[in-house]
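# give the three-dimensional model of this entry:
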Amino acid sequence: MNAVLIRNARVVTLAGGEIPRRGAELRELTILPVADVLIDDDRIAQVRSGLAAPAGAEVIEADGRVCLPGFVDAHTHAIWAGDRLDEIDLKQRGATYLEILESGGGIMSTVRAVRAASREQLAESLRRRLRWALREGTTTMEVKSGYGLTTADELKSLRAIRDASEGFPGTVVPTALIAHAIDPEQPAFIETTINETLPAVHAEFPGIAIDAYCERGAWSPEDCRRLFECAAALGHPMRVHADQFNALGMLDLAIEMGFVSVDHLEATGAGALQRLAHSGVFGVMLPCSGFQVDDRYADGRAFVDAGGALVIATNCNPGSAPTSSMPMAIALATRKLGLTTAEAIAACTVNAQALLGFGDRGVIAPGRRADLILLRHTDERMLGYEFGGDPVACVVCGGSVVRPLR
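Now for the predicted structure:
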């Protein structure tokens with residue numbers, strides 16, 4: 001038995017209420033001002049004050065620090081090769097994200113680097129980023145493929161995600177973003193993706209979520225529908241990048257087809273945001289992208305007030321969001337999405353785990369997976385108040401202390 005006792009913490013449990021949280025419930029964190037958390041192996045055993053440490057248990061004296069569920073980063077592109085440093089200069093000279101993409105840069109520059117990399121090199125690069133994210137409190141991370149854009153390279157990326165996850169103490173959830181961009185070097189690219197890549201992914205990764213990037217210069221709503229109808233027939237859950245720069249109607253198609261999520265939403269109008277909020281589809285907002293790209297942000301306040309199931313994530317990738325910091329995403333969400341700190345915390349813990357299909361994390365309660373963090377702060381609102389630093393003092397993942405208290 002591996003026992004850990006966190007003693008005298010301010011425990012933000014997020015226990016009680018419906019999952020996912022919607023509306024006013026997103027602000028209900030259910031805080032125990034002074035409590036202990038006892039961990040038995042990889043599960044939370046008890047949460048209350050005055051707990052005695054079992055023989056041989058590791059005891060962590062929190063001294064009033066905030067104890068939170070580990071962050072769940074539900075939208076990342078954390079597997080890639082190369083870098084996009086040259087784009088910084090292009091942006092400073094006035095080039096837009098879509099102009100860089102249309103000229104063969106952006107996503108396609110990373111595609112070329114991923115195609116040249118081996119499976120082992122891709123896995124090692126992901127392992128490195130997973131370690132960084134874990135230190136920053138992320139214990140569960142979704143990772144998309146999408147920088148291969150051939151059947152062989154998409155499978156190589158998904159296999160590398162699987163390889164990297166095997167040695168990670170947290171949880172990695174793969175997503176097949178096989179429709180990330182249009183490859184101009186493949187004249188029949190869309191047909192190949194639908195008729196060859198999708199069946200190959202299905203054969204090796206049945207049940208994996210299928211994703212697409214619907215945008216001008218990328219996949220159209222019509223081509224997305226064709227892809228997703230085939231994916232649905234094969235039994236795959238579906239997610240989509242939509243309304244980042246232009247609202248092309250993909251949001252309503254996602255509602256019609258019962259997608260898991262629509263991600264980005266920066267260009268979504270008020271009416272469409274209301275329709276999404278009233279549906280069963282999660283809305284995923286990515287404030288780090290707005291910070292990096294064009295200072296445009298989704299209207300988180302309106303979506304929450306309309307009763308939407310909100311998730312926030314880093315969008316970690318080499319171009320539009322070169323960060324794995326969920327604390328930074330929370331800080332931006334309070335400034336740019338109109339959220340309270342409490343809403344932002346719930347959106348990247350209990351709601352994010354629900355989006356990914358879990359039911360055993362994102363809440364501090366007996367029987368839940370022991371993915372926990374201690375902040376160096378005694379008030380959780382500091383996550384929304386500060387930005388740019390490292391607020392995480394200790395990380396427990398799967399019941400093991402992976403970042404000792406400092």
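# which residues touch stretch 242-258?
By Cβ atoms under 8 Å, 6 or more residues apart in numbering, the residues outside stretch 242-258 that reach it are 97-98, 214-216, 220-221, 224-225, 228-229, 232, 238, 240, 262-269, 272, 275-276, 279-281, 289. Placement of C-beta: from N, CA and C, glycine included.
# if you could redo that for stretch 339-351, that was the one I meant.
12, 14, 19-21, 26-29, 68-74, 282, 285, 300-301, 304, 309-313, 326, 329-330, 333-334, 337, 362-363, 380-381, 383-385.
# C-alpha coordinates for it, PDB please?
Presented in PDB, the C-alpha positions along stretch 339-351 are these (Å, rounded to 0.1, in the frame of the first residue of the first chain):
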ATOM      1  CA  LEU A 339     -14.800  34.200 -16.000                       C
ATOM      2  CA  THR A 340     -14.400  34.200 -12.300                       C
ATOM      3  CA  THR A 341     -11.500  32.200 -11.000                       C
ATOM      4  CA  ALA A 342     -13.900  29.600  -9.600                       C
ATOM      5  CA  GLU A 343     -15.500  29.100 -13.000                       C
ATOM      6  CA  ALA A 344     -12.100  28.800 -14.600                       C
ATOM      7  CA  ILE A 345     -11.000  26.200 -12.100                       C
ATOM      8  CA  ALA A 346     -14.100  24.100 -12.600                       C
ATOM      9  CA  ALA A 347     -13.700  24.400 -16.400                       C
ATOM     10  CA  CYS A 348     -10.300  22.700 -16.400                       C
ATOM     11  CA  THR A 349     -11.000  20.100 -13.700                       C
ATOM     12  CA  VAL A 350     -14.400  18.600 -13.200                       C
ATOM     13  CA  ASN A 351     -15.800  19.700 -16.600                       C
END
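# how far is it from where the chain is centred?
13 Å (Cα atoms, centre = their mean, to the nearest Å).
# next one: stretch 372-388
Per Cα atoms, centre = their mean, the centroid offset for stretch 372-388 relative to its chain is 19 Å.
# then stretch 317-335?
In terms of Cα atoms, centre = their mean, the centre of stretch 317-335 is found 10 Å from the chain centre.
# try stretch 326-344
Between the centre of stretch 326-344 and the centre of its host chain there is 14 Å, according to Cα atoms, centre = their mean.
# which residues of this protein score low on pLDDT?
Counting by pLDDT under 70, the chain has low-confidence residues at 1, 101-105.
# domain ranges for it, per the record?
Per the record, the chain has its domains at 3-69+361-403, 72-355, by automatic domain parsing.
# show the buried residues in the contacts of stretch 242-258.
Buried by 16 or more other Cβ atoms under 10 Å: 97-98, 214-215, 220-221, 224-225, 228, 238, 240, 262-268, 272, 275-276, 279, 281, 289, out of these.
# which of the residues you listed fall within helices?
If you go by DSSP state H, the buried ones among the contacts of stretch 242-258 have Tyr97, Leu98, Pro221, Cys224, Arg225, Phe228, Ala272, Arg275, Leu276, Ser289 in helices.
# turn these into TSV, columns for distance to Asp153.
Listed next are these as TSV, based on distance: Cβ to Cβ, whole Å:
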residue	distance to Asp153
Tyr97	23
Leu98	23
Pro221	25
Cys224	21
Arg225	25
Phe228	21
Ala272	34
Arg275	36
Leu276	32
Ser289	24
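# most tightly packed of the domains of the chain?
Highest mean neighbour count of the domains of the chain: domain 72-355, a mean of 21 (counted as mean count of other Cβ atoms under 10 Å).
# contact partners for Leu337?
Met285, Pro287, Tyr297, Ala298, Asp299, Gly300, Arg301, Ile312, Ala344.
# not counting sequence-adjacent ones, nearest residue to it?
Nearest-residue entry for Leu337: Gly300, 3.1 Å, with adjacent residues in sequence omitted and distances by Cβ to Cβ, 6 or more residues apart in numbering.
# ok, that neighbour to Ala15 distance?
24 Å (Cβ to Cβ, to the nearest Å).
# one more: Ile60?
In this view, Ile60 and Ala15 are 21 Å apart by Cβ to Cβ.
# can you check Glu142 too?
Distance from Glu142 to Ala15, by Cβ to Cβ: 24 Å.
# centroid residue for the protein?
Taking Cα atoms, centre = their mean, the centroid of the chain lies closest to Ala74, which sits 2.2 Å from it.
# tell me the contacts of that one?
So Ala74 contacts Glu142, Val173, Ser261, Val284, Val311, Ala313, Cys348, Ala352, Leu355, Leu356 (Cβ under 8 Å, 6+ apart).
# show only the entries of these found in helices.
Among those, the members found in helices (DSSP H) are Ala352, Leu355.
# quick check, nearest of the contacts of Ala74 to Asn195?
For the contacts of Ala74, the minimum distance to Asn195 (Cβ to Cβ) is 25.5 Å, reached by Ser261.
# ok, now which ones touch Leu375?
Arg65, Val66, Cys67, Leu68, Met382, Leu383, Pro391, Val392, Ala393.
# kindly recompute the last result at 6 Å.
For Leu375, the contact set (Cβ atoms under 6 Å, 6 or more residues apart in numbering) comprises Arg65, Val66, Pro391.
# which of the residues you listed sits closest to Pro187?
Checking these one by one against Pro187 (Cβ to Cβ), the nearest turns out to be Pro391, at 49.7 Å.
# who does Val143 bridge with?
Pro174 (DSSP bridges).
# ok, it - contacts?
Val143 makes contact with Thr76, Ala78, Ile79, Ile161, Val172, Pro174 under the criterion Cβ under 6 Å, 6+ apart.
# SS state for Ile373?
Under the three-state scheme (DSSP: H, G, I helix; E, B strand; the rest coil), Ile373 adopts strand.
# Cys397 is in contact with that one, correct?
No - using Cβ atoms under 6 Å, Ile373 is not in contact with Cys397, being 9.1 Å away.
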